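**Student:** Have a look at this fold, sequence not included:
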């Protein structure tokens, strides 16, 4: 078993039980306690589990990780994903970019493009792109979340519904085994659903820590997207769903 296979199995086990001790994991995988501690520390750093005394538990399904922490989690992977997304967006395209640290990196990666029309409910995305004189950046109205600059609410949904764009770039907090796309904020979910409805193609950005991650609100299903951009092969069950629903999988710089 490779280290990555073991990491995936640890996350699956913790999710099924809610908690797993170092002693249990050591026996289960026939490795040393030191190896399991390193595994748990790495998975916790990536946001896949919560490190607790003597083992690992699940991250909260009701409260998201703080924005400034999420900015640094898996930053290299998010950067590669962002560059991969940008490579699929032609010049002079129209697009939505919604809330999320991965999508803010996508905005950075798009600054080399020409003539884009960008509609966003993310103040940080607007700030990143505001100096591009050949871009038309349109920002949604609504309630601004102080913690991350996201714009949400009924006014935001009404605004989004006025447009029909080439690409909708959305992020997610978690992807369940059945393909459910999960988030923490009901109002954010409703805006994302409007973006999905009003996009000709939907691109989902999700680094590997989002697989198996719990969140309380269902945003939709992976069958509703056209392409998934991630940095590692998803679990086999998710890969099967992608094939069944003709969703294109892009691994960092390499499309499949």
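**Tutor:** Sure thing, it's come through. Everything quoted here is computed from the prediction, not taken from an experiment.
**Student:** Strands along the stretch 51-200 of the chain, start to end?
**Tutor:** 55-57, 94-97, 117-120, 136-139, 143-144, 151-152, 165-171, 174-175, 180-183, 199-205 (DSSP state E, counting those that start in this stretch).
**Student:** winner for burial among those strands?
**Tutor:** strand 94-97 (a mean of 26; mean count of other CB atoms under 10 Å). C-betas here are computed from N, CA, C, even on glycine.
**Student:** ok, that one: who's next to it in the sheet?
**Tutor:** The pairing partners recorded for strand 94-97 under DSSP bridges are strand 117-120 (parallel), strand 165-171 (parallel).
**Student:** got a list of contacts for that strand?
**Tutor:** Identification of contacts with strand 94-97 by CB atoms under 8 Å, 6 or more residues apart in numbering yields 89, 103, 106-107, 116-120, 122, 125, 160, 163, 165-170, 195, 198-199.
**Student:** related to what we said a few turns ago, including mean pLDDT and distance to residue 216, could the strands of the stretch 51-200 of the chain go into CSV?
**Tutor:** CSV is the format used below for the strands of the stretch 51-200 of the chain (pLDDT from 0 to 100; distance: least, CB to CB, whole Å):
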stretch, mean pLDDT, distance to residue 216
strand 55-57, 88, 16
strand 94-97, 98, 24
strand 117-120, 98, 25
strand 136-139, 97, 28
strand 143-144, 94, 20
strand 151-152, 95, 16
strand 165-171, 97, 17
strand 174-175, 91, 10
strand 180-183, 92, 7
strand 199-205, 98, 19
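**Student:** a markdown table for the ones you listed, including distance to residue 233?
**Tutor:** Converted to a markdown table, those look like this (distance: least, CB to CB, whole Å):
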| stretch | distance to residue 233 |
| --- | --- |
| strand 55-57 | 22 |
| strand 94-97 | 26 |
| strand 117-120 | 30 |
| strand 136-139 | 35 |
| strand 143-144 | 37 |
| strand 151-152 | 33 |
| strand 165-171 | 19 |
| strand 174-175 | 13 |
| strand 180-183 | 18 |
| strand 199-205 | 15 |
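**Student:** Can you tell me which of those strands is nearest to residue 76?
**Tutor:** Nearest of the strands of the stretch 51-200 of the chain to residue 76, taken as CB to CB: strand 199-205 at 14.2 Å.
**Student:** what's next to that closest one, contact-wise?
**Tutor:** Strand 199-205 has contacts (CB under 8 Å, 6+ apart) with 78, 81-82, 85, 88, 95-96, 100, 102-103, 106, 164-172, 181, 195-196, 222, 224-230.
**Student:** Mind checking the strands paired with strand 94-97 for the one nearest to residue 51?
**Tutor:** strand 165-171 (24.2 Å).
**Student:** Residue 194 and residue 160 touch, don't they?
**Tutor:** Yes: between residue 194 and residue 160 there is a contact at 4.2 Å, judged by CB atoms under 8 Å.
**Student:** Neighbour count for these two, which is higher?
**Tutor:** For residue 194 versus residue 160, neighbours defined as other CB atoms under 10 Å are more numerous around residue 160 (26 against 22).
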